[in-house]
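Peer 1: Okay, sequence plus prediction incoming.
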Amino acid sequence: MSFADLFDSGFKKRNEDHFASIVRVAMDDGIISEAEKDFLDRLARNLSIGENDYKIILKDYKSHPINPPHSYDIRLERLYDLARMVYVDHIEGDDERAILTKVSVGLGFRPDNVKYVVDKALTLVSNGVDLDTFINEIKNMNR
């Protein structure tokens, strides 16, 4: 096995674990709503999760470890990507906030602060900010 193969398999595994963590969050209430299913479908495509792996993860998501990023910057990068996906796909109103709130808690944001973080993330994304501006604005909102 080459070094490139190790990197590719590690990257794929991280994406699968990240996806499984989001599935676990979506399943927190015991069901996956239609909006959550649509979101998961798009996320699987964006993370290069194949159809077979997608089905396996949906069926057995608890076998994957929950690995929220330890780094706050990586957590913010994932939030940025997810908020952009929610915004671009025009998931509106309560569904938009509910999905992003659940996923944000799964990413490791504190439940007592997550509503404010999600509102700020959606506002920033709707204003078209880049990743660096997004990270700086979220970091500075608590000062």
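Peer 2: Good, I have the coordinates.

Peer 1: Glu36 touches Val25, doesn't it?
Peer 2: No. With contacts counted by CB atoms under 8 Å, Glu36 stays clear of Val25, the gap being 9.1 Å. Quick note: C-beta positions are derived from backbone N, CA and C, even for glycine.

Peer 1: Low-confidence stretches in this structure?
Peer 2: Where the chain drops to pLDDT under 70, the residues are 1-10, 65-67, 88-96, 142-143.

Peer 1: Grab the most central residue of it for me.
Peer 2: Leu82 (5.0 Å; CA atoms, centre = their mean).

Peer 1: Just give the closest residue to it, not the sequence neighbours.
Peer 2: Val103 (5.8 Å; CB to CB, 6 or more residues apart in numbering).

Peer 1: give me the number of residues near that neighbour?
Peer 2: Look at Val103: counted by other CB atoms under 10 Å, it has 24 neighbours.

Peer 1: Likewise for Asn46?
Peer 2: Residues lying near Asn46 (other CB under 10 Å) number 14.

Peer 1: can you check Ile74 too?
Peer 2: 13.

Peer 1: Contacts for the stretch of helix or strand the residue nearest to the centre of the chain belongs to next, please.
Peer 2: Leu82 is located in helix 72-88, with elements delineated by DSSP states H and E. Helix 72-88 is contacted from outside by 18, 39, 42-43, 46, 68-69, 96, 99-100, 103-104, 107-109, 117-118, 121-122, 124-126, 131, 134-135, 138-139, using CB atoms under 8 Å, 6 or more residues apart in numbering.

Peer 1: Please apply the same query to stretch 27-45.
Peer 2: 19, 22-23, 26, 49, 54, 58, 61, 82, 85-86, 89, 91, 95, 99, 102.

Peer 1: Of the residues you listed, keep whichever come out buried.
Peer 2: Among these, those classed as buried by 16 or more other CB atoms under 10 Å are 19, 22-23, 26, 49, 54, 58, 61, 82, 85-86, 91, 95, 99, 102.

Peer 1: buried residues in stretch 106-124?
Peer 2: Gly106, Leu107, Gly108, Phe109, Val114, Val117, Val118, Lys120, Ala121, Leu122, Leu124.
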